[in-house]
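K.L.:
Fold the following and give me the result.
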Amino acid sequence: MIWIVFIMVRTPTHSLVYTHCHILPGIDDGVADSGISLEMASIAAEDRIGTIIVTPHVIDGLCTADFIQDKVEDLQALLDDRGISLRLMPGAELAISMCLGGQKDVYPVSPLPAGLSP
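P.N.:
Numbers count the residues shown, from 1 in each chain. Have a look, this model is predicted:
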């Protein structure tokens, strides 16, 4: 059985933060291309989601924090160019086996920025 959990957090500005999303194009089981990413982002913005924390899978260090940050910046630039009012933040989906196997330094963990805590 696979459990999928989606967490939405409301910010002081009353927009929503989507904390688990595979919107980055061409990575793991996410969307195939940036056109679909833009469509997803547009729908999210229309639904009052103000921030998406992207969460590609990190498997054996193949998808590093720097790689994810670069992809977030690329997609954010596309959103900004098209006037889609949505903020992307880097995140990652870690396999529990990585955490239990002593690979805790594969992806640096940082708390949510001020104003995004529940």
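
K.L.:
Where does pLDDT dip in this protein?
P.N.:
The model of the chain has pLDDT under 70 over residues 1-14, 60-61, 95-118.

K.L.:
which residues of it fall in helices?
P.N.:
34-46, 65-81, 96-100 (DSSP state H).

K.L.:
Mean neighbour count and distance to Val54 added to those helices, as a markdown table?
P.N.:
From N, CA and C alone the C-beta is placed, and that goes for glycine too. A markdown table is the format used below for those (neighbours: other CB atoms under 10 Å; distance: least, CB to CB, whole Å):
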| stretch | mean neighbour count | distance to Val54 |
| --- | --- | --- |
| helix 34-46 | 16 | 10 |
| helix 65-81 | 15 | 6 |
| helix 96-100 | 11 | 18 |
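
K.L.:
His20: which of these is closest?
P.N.:
Of all the helices of the chain, it is helix 34-46 that lies closest to His20, at 12.6 Å by CB to CB.

K.L.:
and that closest one, what does it pack onto?
P.N.:
With contacts taken as 3 or more CB pairs under 8 Å, 6 or more residues apart in numbering; DSSP states H and E, helix 34-46 sits against helix 65-81.

K.L.:
what inclination does the helix it packs on have with respect to helix 34-46?
P.N.:
70 degrees (axes from the mean of the first three to the mean of the last three CA atoms, to 10 degrees).

K.L.:
what helices or strands is helix 65-81 leaning on?
P.N.:
Against helix 65-81 (3+ CB pairs under 8 Å, 6+ apart) you get helix 34-46, strand 49-54, strand 87-90.

K.L.:
Now tabulate those in a markdown table and tack on distance to Ile27.
P.N.:
Converted to a markdown table, those look like this (distance: least, CB to CB, whole Å):
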| stretch | distance to Ile27 |
| --- | --- |
| helix 34-46 | 10 |
| strand 49-54 | 9 |
| strand 87-90 | 12 |
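
K.L.:
closest to Gln69 out of those?
P.N.:
Comparing the helices and strands packed on helix 65-81 under CB to CB, the one sitting nearest is strand 87-90, at 5.1 Å.

K.L.:
That concludes my questions; thank you for your assistance.
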